Each structure stands twice: as C-alpha cells, then as structure tokens.
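*Asks:* dropping a prediction and its sequence here:
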Amino acid sequence: MKNALVVYYSRTGHSRLIARETARKLKADLDEIKTHVRYKGFIGFYRACLHAITKKEPVIEYNRYPGKYDLVIIVGPNWGSRMASPIQTYLSKHKLGNKKIGAICVQGSSGGEKIIALMEKKIRRKMIHLIINQRDIKDKSYVHRINEFLKKVK
Ligand SMILES: Cc1cc2nc3c(=O)[nH]c(=O)nc-3n(C[C@H](O)[C@H](O)[C@H](O)COP(=O)(O)O)c2cc1C
C-alpha cells in the first residue's frame, strides 16, 4: 500500500521487531519514536512504571510527519495497561482522527484490549488493531497474525 506509515516506540526491541515486519509487508515508511528519558535498565523500568501511572508524556523525537500519510499504524508496548508514555505524547501531538489508523499493542500477556479502548477514546474513533503477546513472538505466530491484521487494514 502506498502512503502508509508505521511508527513505533520500543524499550526492549519487541515492538521494533513487529513494526519492521509490518512495514516490510505493507511497503510502508517506518519511523521510530525516541526520547532522551532513560527507560532502559532496572531504574528505567521503574521510571516507565511511574510515568505510566502518572500519565507523564515525555518529550519525543521522530522523523516523519504523520499528517501526510493516508494510513498510520502505531506500534508500541503495553505499560501498565496503557500504551507506553512516548506513544501517549505522540497521540497528544497529532490529531489522527481524520486518517485510517491501525494500532498494534505488544505486551507480556494482558491488558491490551483496555489499551485499545483508551486509544480509541483519545483519537475519538475505532481502530483496526492487533495485540501481540510475547508468546506470539517466541513461537513466531506473530508473522501470520500480522498478515491477518494487514488484510483488514488494506
Ligand atoms: C513499565 C512496564 C509496564 C508493563 N506492564 C505490562 C502489563 O500491564 N501487561 C503486560 O502484558 N505487559 C506489560 N509490560 C511488558 C511489556 O509490554 C512487554 O515486555 C513488551 O513486549 C515490551 O515491548 P518492547 O520490547 O517493544 O519495549 C510492561 C512493561 C513495562 C516496562
């Protein structure tokens, strides 16, 4: 599909894997959301918990402006039943309500449906979505699940 963007944030690499596979299959542009806030490591994990609970929206950087795309797919990890804080910033910065939007939530095992509901509330529209659990990555079923998701998105 032309004119599609896959944008992601990843703390430990799972969402990056999923975003890359999605963009490759869709022949979409790929963009990473970055932040200078340190979420890596042991202390970073607790900072991520705190920021998820307090709804903090860290300053972020990325390269591509989503406004020029027809389809935007957002990929990010579940942090305490909310999308990771850098994704929250992204959603606050960009009113994506007039676009076709897809969301992929990457998580350990639970809370994804709640996240999708919160995202839909925030952008005020329904989204085609996919929830990937860590076991889907382990057994490689994510590849098939992304294919099925993309049939709905295209
Ligand atoms: C602060 C924090 C909170 C998390 N909360 C949840 C959770 O509520 N449910 C869940 O299934 N996984 C949770 N996880 C696990 C991540 O969603 C999971 O490890 C995901 O694959 C990480 O993706 P990434 O490698 O792209 O960062 C949490 C991780 C962090 C860092």
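*Replies:* Yep, that arrived.
*Asks:* distance of Leu91 relative to the ligand?
*Replies:* 17 Å (Cβ to the nearest ligand atom, to the nearest Å). Heads up, the C-betas are built off the backbone N, CA and C, glycines and all.
*Asks:* burial of that residue, as a residue count?
*Replies:* 20 (other Cβ atoms under 10 Å).
*Asks:* can you give me the offset of the helix or strand where His144 lies from its chain's centre?
*Replies:* Per DSSP states H and E: His144 is located in helix 142-153. Its chain's average C-alpha position is 15 Å from that of helix 142-153, according to Cα atoms, centre = their mean, to the nearest Å.
*Asks:* ok, now stretch 126-140?
*Replies:* 11 Å.
*Asks:* state the mean pLDDT of it.
*Replies:* Computed over stretch 126-140, the mean pLDDT rounds to 97.
*Asks:* hey, what's Lys34 bridged with?
*Replies:* Beta-bridge partners of Lys34, counted by DSSP bridges, are Glu61.
*Asks:* Tyr8 and Val37: what is the separation?
*Replies:* 17 Å (Cβ to Cβ, to the nearest Å).
*Asks:* more neighbours: which of those two?
*Replies:* Applying other Cβ under 10 Å to Tyr8 and Val37 shows that Tyr8 carries more neighbours, namely 29 against 16.
*Asks:* any idea how far the more buried one is from Ala103?
*Replies:* On the measure of Cβ to Cβ, Tyr8 and Ala103 end up 11 Å apart.
*Asks:* how about His129?
*Replies:* The spacing between His129 and Ala103, counted by Cβ to Cβ, is 5 Å.
*Asks:* good, we can wrap up now.
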